[in-house]
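Enquirer: Here is the input, now give the coordinates:
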Amino acid sequence: MPTVQPPARIWFRTGTAMQPPDVRESGEELPDPAADGQGPGGEGAGAPAAHGGGLGGLAALKPVSVIIIVLSVVGVAVAAVVHSVMLFLTIAPLNTVSQKHAAGLTSYIYPEFAQDWKLFAPNPTSANTHVQARVKVLMPDGALKTTGWMDLTAMDEAWIVHNPLPSQAHQNQLRGAWSNYVSTLDDKGRPVGLFGTMMQEYLLRIAAQRFGPHFDGGTVQHVQLRSASTPIAAPSWSNQHVDTTTGYLVEPWWTVKAEDFK
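Expert: Residues are numbered from 1 along each chain as shown. The predicted model follows:
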């Protein structure tokens, strides 16, 4: 009796791997590739991932890390609230709290967080204020000579009047410096805090550079500033009486150093 040979097994190329043909008995169903994780997407493509179902976010952190994060958020929130309150008290109209804590507010706000505006519009200017200065010069014979008052504000105004594009320095430098300096003076006329000292030095340099190191035949040694404020008269249709007498705020003599002229 002749020997019966089994049918030859034929392999087909699918992708990069050789796979046997679909050989099954009649009525036999093919296995589901997704059931054993051998689908087209690779191992486990047809079944839910066995890992990655754990908790995420803060729940996955250690308690110490959670505490550090919470404390950091609270610290930033508190700092933001304190900073906002400080700024509000600075720009708000004068009140009991801001007056009581004026020194603390000044030391915190200036110079890093200085504000050049107010919460409510200030009253319009009711006086013409001119900043004036004079100097003491050392003459060649060793004598000290005091010059007359020079109107620094009038010099700025003369520069601005016929200039179509005046600089910010001529418009605001002297006026802003004097206004800021006066706002720091205490009831004895002395500047308060670091900002007051800075404004005093700033004004000294402005005045010194207007005169230069040599003036009126001598070498500048000291500078003195004052403001001359003349109230604006009431309009003709008003029955309000305004005293238009000029008032002066005179500062003491300040010593000039070589770097003040630079």
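
Enquirer: Please make it C-alpha for all contacts and neighbour counts, starting now.
Expert: Noted.

Enquirer: Could I get the full set of strands for the stretch 51-200 of the chain?
Expert: Assigned strands in the stretch 51-200 of the chain, in chain order: 127-138, 144-146, 150-151 (criterion: DSSP state E, counting those that start in this stretch).

Enquirer: CSV for these, including distance to residue 247?
Expert: Converted to CSV, the strands of the stretch 51-200 of the chain look like this (distance: least, C-alpha to C-alpha, whole Å):
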stretch, distance to residue 247
strand 127-138, 9
strand 144-146, 22
strand 150-151, 15
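
Enquirer: Of these, which stretch is the most buried?
Expert: Comparing the strands of the stretch 51-200 of the chain by mean neighbour count (mean count of other C-alpha atoms under 10 Å), strand 127-138 comes out on top with a mean of 20.

Enquirer: Which elements pack onto that one?
Expert: strand 144-146, strand 150-151, helix 152-161, helix 174-183, strand 218-231 (3 or more C-alpha pairs under 8 Å, 6 or more residues apart in numbering; DSSP states H and E).

Enquirer: helices and strands around the following helix or strand past the last one, which ones?
Expert: If I follow you right, that is strand 218-231. Counting by DSSP states H and E, the element after strand 218-231 in chain order, helix or strand, is strand 247-250. Packed against strand 247-250 by the contact rule (3+ C-alpha pairs under 8 Å, 6+ apart) you find strand 218-231.

Enquirer: mind saving the C-alpha coords of the strand it packs on as PDB?
Expert: C-alpha atoms of strand 218-231 as PDB (Å, rounded to 0.1, in the frame of the first residue of the first chain):
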ATOM      1  CA  GLY A 218      34.700 131.100  41.600                       C
ATOM      2  CA  THR A 219      34.400 127.300  42.400                       C
ATOM      3  CA  VAL A 220      31.000 126.200  43.500                       C
ATOM      4  CA  GLN A 221      31.000 124.900  47.100                       C
ATOM      5  CA  HIS A 222      27.400 124.900  48.400                       C
ATOM      6  CA  VAL A 223      23.900 125.000  46.900                       C
ATOM      7  CA  GLN A 224      20.700 126.300  48.400                       C
ATOM      8  CA  LEU A 225      17.200 125.800  47.000                       C
ATOM      9  CA  ARG A 226      13.900 127.400  47.600                       C
ATOM     10  CA  SER A 227      10.400 127.400  46.100                       C
ATOM     11  CA  ALA A 228       8.400 130.500  45.400                       C
ATOM     12  CA  SER A 229       4.700 129.800  45.300                       C
ATOM     13  CA  THR A 230       2.200 132.400  44.200                       C
ATOM     14  CA  PRO A 231      -1.500 131.400  44.500                       C
END
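
Enquirer: Show me what that strand pairs with in its sheet, parallel or antiparallel.
Expert: Strand pairing for strand 218-231, using DSSP bridges, gives strand 127-138 (antiparallel), strand 214-215 (antiparallel), strand 247-250 (antiparallel), strand 254-255 (antiparallel).

Enquirer: now that strand, how far from the chain's geometric center?
Expert: When distances are taken as C-alpha atoms, centre = their mean, to the nearest Å, strand 218-231 is centred 33 Å away from the chain's centroid.

Enquirer: ok, now stretch 139-146?
Expert: With C-alpha atoms, centre = their mean as the basis, stretch 139-146 stands 47 Å off its chain's centre.

Enquirer: packing partners for the helix or strand hosting residue 201?
Expert: If you go by DSSP H and E, residue 201 is part of helix 193-211. In terms of contacts (3+ C-alpha pairs under 8 Å, 6+ apart), helix 193-211 is packed against helix 102-109, helix 174-183, strand 218-231.
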